[in-house]
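Enquirer: Sharing a sequence plus its predicted fold:
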Amino acid sequence: MSRKIAVLVGSLRKESFSRKVARAIEAEAPDSLAFEHVDLSSVGHYNQDLDTENPPPEWAKLRAAIKSADAVLFVTPEYNRSVPGFLKNAIDIASRPYGKSAFAGKPAAVVSNSPGAIGGFGANHHLRQTLHFLDMPALQQPEMYLGGVGDWFDADGKLVKDDKRQYLAKFGKAFADWIELNLAK
């Protein structure tokens, strides 16, 4: 059975490392996972005054993409020891109005990355704290703090390091197993 994965990338940059990592995970993951990258670039800022029966179309589209997914994969850089503001904003939009969160109960995985050595540790844990509140069971192992990603990819965005490919494949398998375990509950 194929499982639909909503992919939320925490970077708007076309050539972002997060986007490349997300694509590399998709390439190495089991065929049972079908990835849908959700465009967050036009979502806009959350404003409760606009959260009516007819919210902005971008909000409705975001919420529908999350609701239609079986699970969610977050791939993000770290900004100031946390997640980029627009990613948190998109999470806020999809989790509202209160009691109607598109995220509730969906299995999730968090992958943080950085060209530096720490691999986005702070962003990873801030995001996990939010997911806990949203009632999203988050994959614990393998932990995905990817440091030094600046030299993982060629000019076309393809992963060039075999050891990293194997690690991402291990992660993809663990995520697939995690989804099945949590959807069976």
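Expert: Nice, I can see it. Because the structure is predicted, anything quoted here is derived from the model rather than measured.
Enquirer: Per-residue pLDDT of Ile118, please?
Expert: pLDDT, Ile118: 88.
Enquirer: Where does the prediction get shaky in this protein?
Expert: Applying pLDDT under 70 to the chain flags no residue at all.
Enquirer: Spatially central, which residue of it would that be?
Expert: Phe74 (1.2 Å; C-alpha atoms, centre = their mean).
Enquirer: Okay, and that one sits in which element?
Expert: Element membership for Phe74 (DSSP states H and E) is strand 71-76.
Enquirer: so what strands line up beside that strand?
Expert: strand 3-9 (parallel), strand 108-114 (parallel) (DSSP bridges).
Enquirer: Mind giving me the packing neighbours of the next helix or strand after it?
Expert: As assigned by DSSP H and E, the chain's next helix or strand after strand 71-76 is helix 85-94. Helix 85-94 makes packing contacts with strand 3-9, helix 57-67 when contacts are defined by 3 or more C-beta pairs under 8 Å, 6 or more residues apart in numbering; DSSP states H and E. C-beta: built from backbone N, CA, C; applies to glycine.
Enquirer: still on that earlier bit, mind putting the strands paired with strand 71-76 into TSV with distance to Lys161 and mean neighbour count?
Expert: Putting the strands paired with strand 71-76 into TSV (distance: least, C-beta to C-beta, whole Å; neighbours: other C-beta atoms under 10 Å) gives the following:
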stretch	distance to Lys161	mean neighbour count
strand 3-9	20	22
strand 108-114	13	26
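Enquirer: a markdown table for the ones you listed, including distance to Ala27?
Expert: Listed next are the strands paired with strand 71-76 as a markdown table, based on distance: least, C-beta to C-beta, whole Å:
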| stretch | distance to Ala27 |
| --- | --- |
| strand 3-9 | 13 |
| strand 108-114 | 14 |
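Enquirer: Tell me which of those strands sits nearest to Gly147.
Expert: strand 108-114 (5.8 Å; C-beta to C-beta).
Enquirer: Output the closest one as PDB, nothing but the C-alphas.
Expert: Extracted in PDB, the C-alpha atoms of strand 108-114 (Å, rounded to 0.1, in the frame of the first residue of the first chain):
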ATOM      1  CA  ALA A 108       5.900  12.800  11.300                       C
ATOM      2  CA  ALA A 109       9.600  12.900  10.900                       C
ATOM      3  CA  VAL A 110      12.000  15.800  11.300                       C
ATOM      4  CA  VAL A 111      15.200  16.300   9.400                       C
ATOM      5  CA  SER A 112      17.300  19.300  10.200                       C
ATOM      6  CA  ASN A 113      20.400  20.300   8.200                       C
ATOM      7  CA  SER A 114      23.200  22.800   8.100                       C
END
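Enquirer: No further questions, thank you.
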